[in-house]
Each structure stands twice: as structure tokens, then as C-alpha cells.
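Chemist: Provided below are the primary sequence and the corresponding predicted coordinates.
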Amino acid sequence: MFFILKKISFYLRKIEIYEKKKVFPVSCSKKFEFKIYKKFLNIKNKKILEYFEIHKNKKLRFKNNCLFLTLSLNKDLVSSGWLYKGNRWKITEIDEYIYSKDKLVIFDFFTPTSFRNKGNYTKLLKLICSKFKKKKILIYTLSTNKKSKKAIIKAGFEYKKTLKKL
């Protein structure tokens, strides 16, 4: 039954894809720390490791050309996301692939509840754009996720297109 509902949901969802257009200067106090992890074994921060205790299956992403991107404040994880570099990326929300050669795809961002609505997601997106300023970057979100879309646009991304299964 769950499998059938999941298949139906693929056909009902719409994904909006955005591409980086501007790189804004980012001001961060010294309390913030932006890190990029290429390997799970490189993560020493206990608060970041807690993320993987909850999401055990996400460790496998390191083996699939993915980097883990984090923004911490006083050692607390305030926002995180993933970056993929490769030729083809599967958007699992609609079970479709996008062509991503010569582009970076950032996805699956998470901000803990206590750090939401404080600009941390937008700050992380701006830091990513600044770090990879010479690269084309794509990001996507469900069309119904208004807060995410607002942060994405505020970080310098521009709407590119909408994708749906049908």
C-alpha cells in the first residue's frame, strides 16, 4: 500500500529548479563556521554527527560524488545540505533525472527547528555560492515550499523551470 501511495505522489508533485545568477557578499560573525565534508570520517563535531545518527542512510552519499555542507554556530549545526557533481542527478521527489554535466546540484537542506526563521538557510546558500562562484549551481524545491523558495531567491538564485512527472 505504501509503495502505491509513493508512486502516486510522484505524479502529484511539482519541482521548481533554480540556477545561481548572483553571488552576494556574505557577512558571518566568527562564531559561524562553514565546512565542506568530502568523507564521513572527517566529521569530528558531535552535533553534526548527531545528524547522521538520525539519518543513517545518508552516509552512503559520500560514495556517490556528494559533499556534505554545514553551517555551525558555536559548534551547533544550524543548517546543512548536500552537493552533487556528476552528469545526471535523480530528483527523488518526482522520480526523474536531470542533466547536470558541468553543474553542481545542491539538495536536501535541513535546518533544525530551533534555528529556523533566522536566515541560516539563506546564509548557507550564499556561502555555497561564494565558495563555488565560478561554477553553475542548480537547486530545486517542491513548488509548495514557499519558505525555501524565498530563501533560494534571496541567496541569488533565479527560477529556471518547473518539472513534474506527467
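Modeler: Alright, I've got the coordinates.
Chemist: now this protein, which segments are flagged as low pLDDT?
Modeler: Residues of the chain meeting the criterion pLDDT under 70: 1-11, 166.
Chemist: Now do the buried residues in the strand ranked longest in the chain.
Modeler: The longest strand of the chain (DSSP state E) is strand 76-85. Residues 77-85 are the ones in strand 76-85 that count as buried (16 or more other C-beta atoms under 10 Å). All C-beta atoms are positioned from the backbone trio N, CA, C, and that covers glycine.
Chemist: can you check stretch 145-157 too?
Modeler: 148-149, 151-152, 155-157.
Chemist: Go through those residues and say which is closest to K118.
Modeler: Taking C-beta to C-beta as the measure, K118 lies nearest A151 of the buried residues of stretch 145-157, at 11.1 Å.
Chemist: my guess is that closest one meets N120, correct?
Modeler: No. The criterion here is C-beta atoms under 8 Å, and A151 misses it with N120 at 9.3 Å.
Chemist: Looks like N45 contacts S72 (just checking).
Modeler: Yes. Here N45 reaches S72: they are 6.6 Å apart, a contact under C-beta under 8 Å.
Chemist: Between the two, which has more neighbouring residues?
Modeler: Neighbours per residue (other C-beta atoms under 10 Å) separate N45 from S72, with S72 holding more: 19 against 16.
Chemist: On the three-state scheme, the more buried one is what?
Modeler: Going by DSSP: H, G, I helix; E, B strand; the rest coil, the secondary structure assigned to S72 is strand.
Chemist: right, and it touches K46 too?
Modeler: No. S72 lies out of contact with K46 (C-beta under 8 Å); the separation is 11.1 Å.
Chemist: mind checking how far stretch 54-63 is from the chain centre?
Modeler: 14 Å (C-alpha atoms, centre = their mean, to the nearest Å).
Chemist: same check, this time on stretch 128-147
Modeler: Averaged C-alpha coordinates place stretch 128-147 at 7 Å from its chain's average position (C-alpha atoms, centre = their mean).
Chemist: Contacts for it, please.
Modeler: Contacts to stretch 128-147, defined as C-beta atoms under 8 Å, 6 or more residues apart in numbering, come from residues 13-20, 22-26, 34, 36, 69, 81, 83, 91, 93, 98, 100, 102-107, 125, 148-149, 152, 155-157, 160, 162-163.
Chemist: Perfect, I'm done here.
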